[in-house]
Each structure stands twice: as structure tokens, then as C-alpha cells.
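[1] Sequence and predicted structure are below.
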Amino acid sequence: MKPRLRHDVIVRRLRRNGTSTVAALAEEVGASRRTVLRDISVLRDEGFVIHSEPGRGGGLQLDPQSLQTTTRLSVAEVFALLISVASMRAAGNLPFSDLADAGLAKIEKALPSDKVRDLRRFLDCLYVGQLSPQVDISDMGTMDPALLPAFETAFLQRQHLRFQYRDAKGSVTIRTVEPQAMLILPPLWYLVAWDPIRKDFRHFRMDRISRPEYVQDTTFRRRHVPFEDNVRPIQLSPF
């Protein structure tokens, strides 16, 4: 179980039961006592008030008024929220835009400065426009949830991205590209990348991408993408 998931399970268990032992928590999350003690230390650093009561009948207890004071959202998770709001706004379907912007602003204030910096760099790669009525979307599928985590590393560290791509005719190829931008043309989303083999830009529909992974120890330079006139950088109030 990943650390973040363990932390969530521990907090829920303590909130639900009031008191628990290290051994019981270790059994629930499938980790050693030492790992759970380390997790407790991390949770305390994040602002959770967890009391330790020694002896028989004792254990760990979470203060019911305890709140997390630092965010544990990753850059990719915050980016997913931002681009979801952006895509709805671009499609003219964001009924509570003021509340959404206020919530995003609070998230920004809670983020560490290094995450804000990465998030802004991520947002610099995001563009929005309008889809041509001639584009066929009858075969539109769902996007692989592994895309954003892979994109985060590929875009921020400028590492090549490898993935399996299915074209409009159903042919599947393995592509290795330099990711340069993300383009939202509601309801379709595209990865805009430089293809080193073809020496040109290519637009890849994200719902046709699968098994994405960044290629370690490979870097590339940022390129100017020649977008159409109706495509513009994304505008998000909080950031």
C-alpha cells in the first residue's frame, strides 16, 4: 500500500474508532509497526494531533478537532482539478464558476511554494480552443488515469514520453515523443508533441493513448507550437 493511501486509512480508522493500537493499524494497512510509527510522525508534521497513551488500554488517539494544516495533493491532482474546471468553462458549462475559483484559490494558498512553481509550469503547457464541427467524436473513449502522473514528469522534467497509440483506423503503434502542450477542444483532449522520427508536431487524442510512461535519462528542449488563431493559453483566475 502506498504511503498516501496508508495515511488516509490510518486517519479514517482513528476518526472512526477513537483509539487504536499501532499493532491494529499495522495489520489493517499491511505494514510493519515501524512503518506505522513513521506514518504517525508524518501525519503529526502535517498538522494532525495524535495522542499516545501508554500501557494496557492505551493506544493512539486522534484529536477530533484536529485538522490537516498542509495539503497532500500532488501537482497532478491539483492540475486535474484545474483543467476540469477549465474545460467546463471552455465548453460554457460551469454554473458555479465563482465558487469553483474560490475553492481553487484556497488550494493554491495551501500548496508549498515548490508545488505552486511546478503547477504554474504545468499550466503554461495548457491551451484551449473550439473543436471543428467536422470532427467525428462518435468513437470517443475514456482517458487512461495514468496519463496525468506520466505527463507531470514528462512535462516538468522534459523527458520523452512513450505510449501506445490507436489511430482513427484502429491501428496501434508505439510512439516516443517530446510532449510540448496539452490542448482542450471540448469534448476532445489532445497531447501536442514533437515527433523526433517524423521531425514534426503531432496531435494525439488522449482517449486513444494507453500505457503512458516517461523515458528516464532523456531530455528535450521546449519548442514553440504553431497553434491555430482560435487556440489560446488557458486562463485560470486563482493561478
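    Nice, I can see it.
[2] Contacts only, for residue 179.
    Taking CB atoms under 8 Å, 6 or more residues apart in numbering, we find residue 179 in contact with 125, 151, 154, 155, 161, 191, 192, 193. Heads up, the C-betas are built off the backbone N, CA and C, glycines and all.
[3] ok, residues contacting the helix or strand where residue 164 lies?
    Using DSSP states H and E, the element containing residue 164 is strand 161-166. By CB under 8 Å, 6+ apart, the surrounding residues in contact with strand 161-166 are 150-151, 154, 172-179, 191, 193, 204, 208-215.
[4] Narrow those to just the buried residues.
    In these, burial by neighbour count holds for 150-151, 154, 175, 177-179, 191, 193, 204, 208-209, 212-214, counting by 16 or more other CB atoms under 10 Å.
[5] tell me which element the residue nearest in space to the middle of the chain is part of?
    Taking CA atoms, centre = their mean, the centroid of the chain lies closest to residue 76, which sits 2.1 Å from it. Using DSSP H and E, the element containing residue 76 is helix 75-90.
[6] and the protein, what are its domains?
    3-62, 75-233 (automatic domain parsing).
[7] Show me which strand runs longest in this structure.
    Scanning the chain for the longest strand, with DSSP state E as the assignment, gives strand 172-185.
[8] Can I get that one in CSV? Just the C-alpha atoms.
    C-alpha atoms of strand 172-185 as CSV (Å, rounded to 0.1, in the frame of the first residue of the first chain):
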residue,chain,number,x,y,z
VAL,A,172,-1.9,0.5,-32.8
THR,A,173,1.7,1.8,-32.7
ILE,A,174,4.3,2.6,-30.0
ARG,A,175,5.2,6.2,-30.1
THR,A,176,8.1,8.1,-28.3
VAL,A,177,7.7,11.8,-28.4
GLU,A,178,8.6,15.2,-26.8
PRO,A,179,5.4,16.5,-25.1
GLN,A,180,5.1,20.2,-25.7
ALA,A,181,1.5,21.1,-24.9
MET,A,182,-2.0,19.9,-23.9
LEU,A,183,-4.9,21.1,-26.0
ILE,A,184,-8.5,21.1,-24.9
LEU,A,185,-11.0,21.2,-27.7
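[9] Right, I'll call it a day here.
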